[in-house]
Each structure stands twice: as structure tokens, then as C-alpha cells.
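Enquirer: Sequence first, predicted coordinates after that:
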Amino acid sequence: GNSVTQMEGPVTLSEEAFLTINCTYTATGYPSLFWYVQYPGEGLQLLLKATKADDKGSNKGFEATYRKETTSFHLEKGSVQVSDSAVYFCALSSNAGNMLTFGGGTRLMVKP
Amino acid sequence: DSGVTQTPKHLITATGQRVTLRCSPRSGDLSVYWYQQSLDQGLQFLIQYYNGEERAKGNILERFSAQQFPDLHSELNLSSLELGDSALYFCASSVVYNEQFFGPGTRLTVL
């Protein structure tokens, strides 16, 4: 079956530091890949997505590239802000079902 | 604001009881999905409806059921509640294949 593994948190960074959150997946076929963000007390918001190999998703300074050869979709940001503090979820959707399979989530804490 | 609404925001009930969670999808979205977020299980897909019909089932307990009505809103029914059912329940909707928009969630506490 499908599965997503992401690095455990919390990840604690100083403002303006570089961020990487690792995500690897196992899936049949050619899944679409997503990063969702959950701010405290809120629901999940789609941050970015990629639907085929070598696609790069980007939004609000965050980027992730769909790497089929390494089955990875690592999230990066060049300079984090305090407002980026949240829980980040990597997810995939197979062509068969469209339901999302999530990783365990990574809490990011950015200190001023 | 994703455009997906869920009611109630919080629900506190006792073991053995039955509750109904409600979800209104974004205007025009035909698919509704239910997910459970708990500390021990993480985020898990429960069930999907498309235009009133069940489309896919995930790790949904037999005590749980759902339906989607002609106006496309959906309800998730949880019965014979146990302490372990305490969780955040999210609804999501989509029209474009693969892009789901999530509601704010209903926090269920079973005492």
C-alpha cells in the first residue's frame, strides 16, 4: 500500500535560517505529491503540489521537487520567518483513489 | 478560508453516545472526504463520497457511517463512542482531481 515517511520533529530554527523537511514515499503507479501546513488551532492548507516526476511545486517561498528516482519530495525554504511556525504534512494521492495518504507531520518552530 | 465549513467546532460527549458531524463543501465541489487526526494514528482517511455515492473507504470503523445528501453536504455519524474516538475530524472537498480543500475540523472529546 501507499505510505509517506517524513522526518520527525520538532525542528527548531532561528529566523532567516534555511529549512529542509525530508519526505519519502512508497506508492504504486505515479502519485501526486503535496505539502500541507497546519497552523495552531486551524485546519490543513495546501502549501504546494507536484503531479509528475521532476515537477517543482512552489508557494510563499517554499519549494519541493518530485524526485521519482529517490521517491522523495523534500520541502525547502531559503529563509524562514516566525510566522512559518506550524506543522507540515507531506501527502500523496494515487491515481486510483484520490484519497490522501499523509506522513506523520513535522512541527517547525522558528525563533526570532 | 477554504470555503469548506464544518459544524460543530467542538463536541464533548460520553462513552456509548452517538454524534453527527456536518460538512458543507466548497460551492461546486462534488467530492467530500472525511479524515481523522489523532495523536496515536496521525491523519487517516476515513471515507469519500462523490455526488451522493460512496467512492472509497479507508480505515473507517463499522461504528462509523457517512452519507452525502442531494445538496452535497455530508454527515459523519459516530456511534457507540469510545474514549479512543476522541480526535479532530476533518472534512475536505474537491472538484479538480487531486486538489482537496480542508475545513477547520470538529474536535470530538469523549469522556
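Expert: Received, thanks. Residues are numbered from 1 along each chain as shown, chains lettered A, B, ... in the order given.

Enquirer: CA atoms for contacts and neighbours, from now on please.
Expert: OK.

Enquirer: out of everything not next to it in sequence, what's closest to whichever residue of chain B sits closest to chain A?
Expert: Shortest chain B-to-chain A distance, computed as C-alpha to the nearest C-alpha: residue-wise this is B:Pro104, at 4.2 Å. For B:Pro104, the nearest residue in space outside its immediate sequence neighbours is A:Gly43; the separation is 4.2 Å by C-alpha to C-alpha, 6 or more residues apart in numbering or on different chains.

Enquirer: Settle this for me: B:Gly3 is touching B:Asp29, isn't it.
Expert: No: the pair B:Gly3 and B:Asp29 fails to qualify as a contact (C-alpha atoms under 8 Å) at a distance of 10.3 Å.

Enquirer: Have a look at the two and say which one is more surrounded.
Expert: A direct count of neighbours by other C-alpha atoms under 10 Å in any protein chain shown for B:Gly3 and B:Asp29 places B:Asp29 higher, at 19 against 15.

Enquirer: give me the number of residues near the residue of chain A found nearest chain B?
Expert: The shortest separation between chain A and chain B is 4.2 Å, found at A:Gly43 (distances taken as C-alpha to the nearest C-alpha). The number of residues packed around A:Gly43, counting by other C-alpha under 10 Å, is 22.

Enquirer: Quick check, pLDDT for it.
Expert: Among the per-residue scores, A:Gly43 shows a pLDDT of 89.

Enquirer: dump the residue contacts of it.
Expert: Contact partners of A:Gly43, counting by C-alpha atoms under 8 Å, 6 or more residues apart in numbering or on different chains, are B:90, B:102-105.

Enquirer: What is the burial count for A:Gly41?
Expert: 8.

Enquirer: which parts of chain A sit against chain B?
Expert: Within reach of chain B by C-alpha under 8 Å from any C-alpha of the partner chain, chain A has these residues: A:32, A:42-46, A:93, A:97-105.

Enquirer: In JSON lines: the contacts of A:Gly43, plus secondary structure, distance to A:Thr70 and neighbour count.
Expert: Rendered in JSON lines, the data for those read as follows (DSSP: H, G, I helix; E, B strand; the rest coil; distance: C-alpha to C-alpha, whole Å; neighbours: other C-alpha atoms under 10 Å in any protein chain shown):
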{"residue": "B:Phe90", "secondary structure": "strand", "distance to A:Thr70": "31", "neighbour count": "27"}
{"residue": "B:Phe102", "secondary structure": "strand", "distance to A:Thr70": "29", "neighbour count": "29"}
{"residue": "B:Gly103", "secondary structure": "coil", "distance to A:Thr70": "33", "neighbour count": "26"}
{"residue": "B:Pro104", "secondary structure": "coil", "distance to A:Thr70": "34", "neighbour count": "24"}
{"residue": "B:Gly105", "secondary structure": "coil", "distance to A:Thr70": "34", "neighbour count": "30"}
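
Enquirer: Farthest-apart pair in the residues you listed, please.
Expert: For the contacts of A:Gly43, the maximum inter-member distance is 8.0 Å, found between B:Phe102 and B:Gly105 (C-alpha to C-alpha).

Enquirer: Common neighbours of the two, please.
Expert: The contact lists of B:Phe102 and B:Gly105 share A:43, B:90-91, where a contact means C-alpha under 8 Å, 6+ apart.

Enquirer: wait, what's in contact with the nearest residue to A:Leu100 once chain neighbours are set aside?
Expert: Closest residue to A:Leu100 in three dimensions, ignoring its sequence neighbours and counting by C-alpha to C-alpha, 6+ apart: A:Ser93, at 4.9 Å. Neighbouring residues of A:Ser93 by C-alpha under 8 Å, 6+ apart: A:31-33, A:99-101, B:98.
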